[in-house]
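J.: coords please:
(one chain, ligands or ions: 1)
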Amino acid sequence: MKNIVLFGPPGAGKGTQSAHIVQNFGLIHLSTGDIFRDNIKGGTDLGNLAKGFMDRGELVPDEVTIQMLESEASKRTGKGYIFDGFPRTPAQAVALDSFLASKGQQIDAMIALEVPEAELRTRLAGRAETSGRPDDANPDVIQNRIDVYHSETAPVAEHYRSQNKYKGVDGLGGIEEIFERIAVVVAALSETA
Ligand code: ADP
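T.: Numbering: from 1, shown residues only. This next block holds a predicted model:
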């Protein structure tokens, strides 16, 4: 079992790289952003609750997010998970650790995509052209997501750093090039398991 947190600010390329990791390593992709968007599309109570927070670039409350993540993870088991966009607060990280521990598992690594802020803004503005995501279309909302990342999410890196699980990866360059860097880290995990 390999359980990986793919970490990084909005626009760092977590979703894109997750797809490559799934294809090459057969892990199960759990993206809280995708699950919320599916719920919004389906008009569920959860989607209705999440929508306001997402449209403003705020985090959906921990309790709701943690419960949803655990329920999705319990439905899908396999060779391990790639967590994308979760945990996004220290409380979510603590909850994830104990959820996995209850199944005799753990996070093996946090792979953190490191991308300068100016590049994030350029990428998100570009993505707005095709993503149809309201939170990509508005510069104020993008700024809020970046601010929330610094204030609420960045401390999650310390959580895994203190467990010696933080692996920084340069997130600048071509998609394949960045994936190669990630693949080296994932392959090294498999060797030591
Ligand atoms: P990005 O990384 O580009 O911001 P995501 O799809 O990961 O995109 O997240 C979109 C939005 O979904 C976030 O701004 C937030 O409102 C909500 N969200 C996603 N994951 C979480 C989470 N773990 N905790 C709280 N809110 C979340």
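J.: before we move on, which element is the residue in the chain positioned nearest to the ligand in?
T.: For the chain and the ligand, the shortest gap (C-beta to the nearest ligand atom) falls at Gly33, measuring 1.9 Å. Where you see a C-beta, it was placed from the backbone N, CA and C, and this is true even at glycine. Secondary structure assignment for Gly33, by DSSP states H and E: helix 32-41.
J.: So for the longest helix seen in the chain, what gets flagged as buried?
T.: The single longest helix within the chain, with elements called by DSSP state H, is helix 175-192. The neighbour-count check on helix 175-192 (16 or more other C-beta atoms under 10 Å) flags Ile178, Phe179, Arg181, Ile182, Val186, Leu189 as buried.
J.: OK, contacts around the fourth one?
T.: Residues counted as contacts of Ile182 (C-beta atoms under 8 Å, 6 or more residues apart in numbering) are Gln17, His20, Ile21, Ile111, Val169.
J.: Could you measure from it over to Thr16?
T.: For Ile182, the distance to Thr16 (C-beta to C-beta, to the nearest Å) stands at 11 Å.
J.: ditto for the fifth one
T.: Here the criterion is C-beta to C-beta. By it, Val186 lies 15 Å from Thr16.
J.: which bits of the chain sit near the ligand?
T.: Within the chain, the residues that sit near the ligand (C-beta under 6 Å from any ligand atom) are 10-11, 14, 32-33, 36, 53-54, 57-60, 65, 85-86, 88, 92, 135, 145.
J.: Buried subset of the residues you listed, written for ChimeraX?
T.: The following ChimeraX line selects those of these that are buried, judged by 16+ other C-beta under 10 Å:
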select :10,11,14,32,33,36,53,54,57,59,60,65,85,86,88,92,135,145
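J.: pLDDT weak spots in the protein?
T.: The model of the chain has pLDDT under 70 over residues 191-193.
J.: for the protein, what spans make up the helices?
T.: Under DSSP H, the chain gives helices at 14-25, 32-41, 45-56, 62-75, 90-101, 117-131, 134-137, 139-148, 155-161, 175-192.
J.: Identify all contacting residues around the first one.
T.: For helix 14-25, the external contacting residues (C-beta under 8 Å, 6+ apart) are 2, 4, 6-8, 27-29, 31, 33-34, 79, 82, 84-85, 113, 175, 178-179, 182-183, 186.
J.: Could I get the contacting residues of Val148?
T.: By C-beta under 8 Å, 6+ apart, the contact set of Val148 is Gly57, Glu58, Leu59.
J.: pretty sure the first one contacts Arg145?
T.: Pointing back at Gly57 there. Yes: Gly57 lies in contact with Arg145 (C-beta atoms under 8 Å); the separation is 4.1 Å.
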